[in-house]
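J.: need a structure here:
(2 chains)
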Amino acid sequence: MRRLTWFNTTSLTLGFAFLYLPMVILVIYSFNSSKLVTVWAGFSTKWYGELMRNEAFLDAAWVTIKVAVLSSTFATVLGTLAAYVLVRAGRFWGRTLFSGMIYAPLVMPEVITGLSLLLLFIGIGLDRGVMTIVLAHTTFSMCYVSVVVSSRLSTFDMSLEEAALDLGSTPFEAFRLVTLPIIAPAVISGWLLAFTLSLDDLVIASFTSGPSATTLPIKIFSAVRLGVSPEINALSTIMIAIVTVGVISASLISKRAAVRQRLEEQQAVRS
Amino acid sequence: MTEALRPVFAPWNDPDEKPLIQFKNVTKRFGDFTAIDDLTIDIFEREFFALLGPSGCGKTTLMRMLAGFETPTEGTILLSGQDIAPIPPNKRAVNMMFQSYALFPHLSVWENIAFGLKREGMKGDALNSRVDEMLRLTRLERFAKRKPHQISGGQRQRVALARSLAKAPKLLLLDEPLGALDKKLRQDTQFELMDIQEKTGTTFVIVTHDQEEAMTVASRIAVMDEGRMIQVDTPARIYEAPNTVYVADFIGDVNIIEGRATPSGEQVQIAWGEGVSDITGTTEKSFDSGEKVHFAIRPEKVSVSVEKPDDTPNAFQGKVLDIAYLGNLSTYHVEMHNGQIIKAQSANTRRLSRRAITWGDTVWISFTATAGVLLKG
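T.: So this is what the prediction gives:
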């Protein structure tokens, strides 16, 4: 291993400072007792208390969580099914096209996704609100779930399912009792990923939300245009915490599952 | 017990016996590749039937068609007289033991064995007693609560066997069941398999590429090549009376001598090159004079001696090229005057005996007129 020279240390520090300094400042100022955002006047948690009494923010937070839970659940179901078919169905006509189309939204500009969804909702006369945001978020986070799940499925031993069928399960039972429990870690981390993506989405939500439903990122964005308040800092700090927990647990779950699988395989080879 | 009291198990010779499985002109193609080529075979109840052949000969495809994971392109498969083509795998009275065992990693040994029983709605005491019975049969009582990754390979193999036998299938399919075990364990398990097969009275169809394994366990062996069954017979007949050079060569060690036949009464004289006298063999087949023939003889039926034996028509002089000492046996590679190398085997019946024959010695090899098999073509 190479030693940390002063050059390495400096570049590491600069890199991380570049990435995280803004957030650190935001977190620090969320504990500022002064109303002026840029002037430090001592430690206080009063803005967190203030936030809890702000009806508009609480409403938006509630909408955001509802949207995130619903959309990530739908996205997990759809994404898992899509991954299952694409990995399992073998070669069928247009398979490459389908798998390409699953991954396309990953690289599609969000503005375009948002705009096209907006046009669709107007076209079919769907009133914009919680439902439309859920649909929009399901659409764009489903492909992330399907990427995560299909990478797990591609190493899944097909004969396990055949064994379940052989022992008298229906195809659905084989999936529910054998496949699903085994790929569960991947499905859960897919859900967490979709949840996090939905939580911090601004662009697509702003295209598809209506006056009846505003998500937290939209609320923050519009509030900031009138001037940054310490309340916003507090809110953002909470969001950073939630997203961090989500991302870290998603990666921990999939990593632990991979490690365990490798250990079991090694054990199997040894014995 | 006298021979008369012990009926020989040979339902294939009884014309009144109804076969359990019938393949009727079954062909299976994958695109351009023909995996099974117009195959017709009957397998009887309580048989231990081995499908033997090199990889890619179609034996696994045959088994997967019985399990229901593949459907024949042409022809029909009957199980107890019923066409099984429309029956999905989960409705067949057939269970399979997978090569990889396919144990459910998230379930305990007990749950693995109970899986199939629960699917048919068994529960409570009936379920408990059936699973316990299977655990006893496979000597796994102590491991009931463990997960598959917490037990050894041999134990896993027994869990897979217990799981596939739990539903008391009419037919059990075993796909290379012992492939993952080491040699010693494999031999023990072979006898265990035969024991369990006898106890449960289930019909076993086993796929293997290990000829020794097939010889040990099977009541009949089907030697397969390129989607066809070359010979279906008892292990002894397959070994002693192979019907083709392919079968003779595939099973065990063999000397194959090519020559020209000259029939003389009951016997056939085989000319096999310059500088050596003719081989005398016997056969029920009729050969034309000068017809090409392959003479197949197992090394253990060829003896090697320093002096010329005078009680046999087949004695040939040669030079020892190599001696392979295997502990229980020694194999001598002897070069004949025509350049052909004949393998002769002798049992090392005495410990530390002085070896009379060594490399480069001139020796005589000999065998009786009935020791070898004459094969056409």
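
J.: Correct me if wrong: residue A:73 contacts residue A:191.
T.: Yes - counting by CB atoms under 8 Å, residue A:191 is a contact partner of residue A:73 at 7.0 Å. All C-beta spots, glycine's among them, are computed from the backbone N, C-alpha and C.

J.: Comparing those two, which shows the higher neighbour count?
T.: Taking other CB atoms under 10 Å in any protein chain shown, residue A:73 and residue A:191 do not tie; residue A:191 has more neighbours (24 against 15).

J.: can you list contacts of the strand or helix carrying residue A:21?
T.: According to DSSP states H and E, residue A:21 maps onto helix A:6-29. With contacts defined as CB atoms under 8 Å, 6 or more residues apart in numbering or on different chains, helix A:6-29 is touched by A:2, A:4, A:37, A:38, A:40, A:230, A:233, A:236, A:237, A:240.

J.: again, 6 Å this time
T.: With contact meaning CB atoms under 6 Å, 6 or more residues apart in numbering or on different chains, helix A:6-29 is reached by A:233, A:236, A:237.

J.: same thing with stretch A:160-178?
T.: Here stretch A:160-178 makes contact (CB under 6 Å, 6+ apart) with A:179, B:69, B:89-90, B:95-96, B:98, B:102, B:104, B:115-116, B:119-120.

J.: Now do the buried residues in it.
T.: Applying a neighbour-count criterion of 16 or more other CB atoms under 10 Å in any protein chain shown, one finds A:160-169, A:173-175, A:177-178 buried in stretch A:160-178.

J.: Send me that stretch as PDB with only the CA atoms.
T.: Output in PDB follows, covering the C-alpha atoms of stretch A:160-178 (Å, rounded to 0.1, in the frame of the first residue of the first chain):
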ATOM      1  CA  LEU A 160     -33.600 -23.900  -7.500                       C
ATOM      2  CA  GLU A 161     -36.800 -22.800  -9.200                       C
ATOM      3  CA  GLU A 162     -37.000 -26.100 -11.200                       C
ATOM      4  CA  ALA A 163     -36.600 -28.000  -7.900                       C
ATOM      5  CA  ALA A 164     -39.500 -26.000  -6.500                       C
ATOM      6  CA  LEU A 165     -41.700 -26.900  -9.500                       C
ATOM      7  CA  ASP A 166     -40.500 -30.500  -9.400                       C
ATOM      8  CA  LEU A 167     -41.700 -30.700  -5.800                       C
ATOM      9  CA  GLY A 168     -45.200 -29.500  -6.700                       C
ATOM     10  CA  SER A 169     -45.200 -25.700  -6.500                       C
ATOM     11  CA  THR A 170     -47.000 -23.700  -9.000                       C
ATOM     12  CA  PRO A 171     -44.800 -21.200 -10.900                       C
ATOM     13  CA  PHE A 172     -46.100 -18.400  -8.600                       C
ATOM     14  CA  GLU A 173     -45.400 -20.400  -5.500                       C
ATOM     15  CA  ALA A 174     -41.900 -21.200  -6.700                       C
ATOM     16  CA  PHE A 175     -41.300 -17.400  -7.100                       C
ATOM     17  CA  ARG A 176     -42.900 -16.500  -3.800                       C
ATOM     18  CA  LEU A 177     -41.300 -19.300  -1.700                       C
ATOM     19  CA  VAL A 178     -37.900 -19.700  -3.300                       C
END
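
J.: neighbour-wise, which of the contacts of stretch A:160-178 leads?
T.: Ranked by neighbour count (other CB under 10 Å), the contacts of stretch A:160-178 have residue B:96 at the top, with 29 neighbours.

J.: need the residues of chain A near chain B, please.
T.: Contact residues, chain A versus chain B (CB under 6 Å from any CB of the partner chain): A:159-160, A:162-163, A:165-169, A:178, A:181-182, A:264, A:267, A:271.

J.: Could you count how many residues lie near residue A:66?
T.: When neighbours are defined as other CB under 10 Å, residue A:66 has 15 of them.

J.: Quickly find the element holding it.
T.: Using DSSP H and E, residue A:66 falls in helix A:55-88.

J.: ok, now residue B:332?
T.: Assigned by DSSP H and E, residue B:332 belongs to strand B:329-336.

J.: May I see the buried residues of the helix holding residue A:21?
T.: Buried residues in helix A:6-29, counted by 16+ other CB under 10 Å: A:26, A:27, A:29.

J.: Pick the one among the residues you listed closest to residue B:361.
T.: Nearest to residue B:361 among the buried residues of helix A:6-29, counting by CB to CB, is residue A:27 at 92.5 Å.

J.: pLDDT averaged over the helix or strand hosting residue B:128 - what is it?
T.: Residue B:128 belongs to helix B:124-137 when elements are defined using DSSP H and E. Averaging pLDDT along helix B:124-137 gives 93.

J.: circling back to that earlier point, same list (the buried residues of helix A:6-29) but as CSV, adding pLDDT and distance to residue B:144.
T.: Converted to CSV, these look like this (pLDDT from 0 to 100; distance: CB to CB, whole Å):
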residue, pLDDT, distance to residue B:144
A:26, 86, 56
A:27, 88, 53
A:29, 86, 60
